[in-house]
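Undergrad: this one's structure only:
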């Protein structure tokens, strides 16, 4: 049995929203968007690697002040026992929309928080929730 890392209520809600977005976009409902992207960039059999690499770049840049380099790969490492669903073209378009719409404001918010609270940096690699 895995030892669970205690997470706050807000972290749990944000993870649930992330997993819901992934499920709506055709992914496994038990996997975060970042883990799905990390999987398809590094291990997935996809003919559209440039698509996954762009999403990884955007997500990794957004979370850089917190996780440093490789946020999506770290997320995949935490969920490597899961099944990853590719999704059809329409669902991938929806996934892109979710990521772009959420990463733009998060990019700004995270940078402001990192400036105000330098301790926001996560020194644990990988940061697995359970």
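TA: Received it, and whenever you're ready, just let me know what you need. If you're wondering where the values come from, they're calculated on a predicted model, not measured in any experiment.

Undergrad: what helix or strand does the most centrally placed residue in the chain sit in?
TA: Centroid-nearest residue in the chain, with C-alpha atoms, centre = their mean: residue 34, separated by 2.0 Å. In this structure, residue 34 sits in helix 33-42 according to DSSP states H and E.

Undergrad: so what touches the helix or strand just after that helix?
TA: Later in the chain than helix 33-42, the nearest helix or strand by DSSP H and E is helix 49-67. Identification of contacts with helix 49-67 by C-beta atoms under 8 Å, 6 or more residues apart in numbering yields 33-34, 37-38, 40-41, 44, 46, 69-72, 74, 92, 95-96, 99-100, 103, 106-107, 110-111, 113-114, 120-122, 127. C-beta here means a position set from N, CA and C on the backbone, and glycine is covered the same way.

Undergrad: same check on stretch 76-88?
TA: Under the contact criterion C-beta under 8 Å, 6+ apart, stretch 76-88 has outside partners 25-28, 30-32, 34-36, 38-40, 42-44, 46, 92, 95, 126-129.
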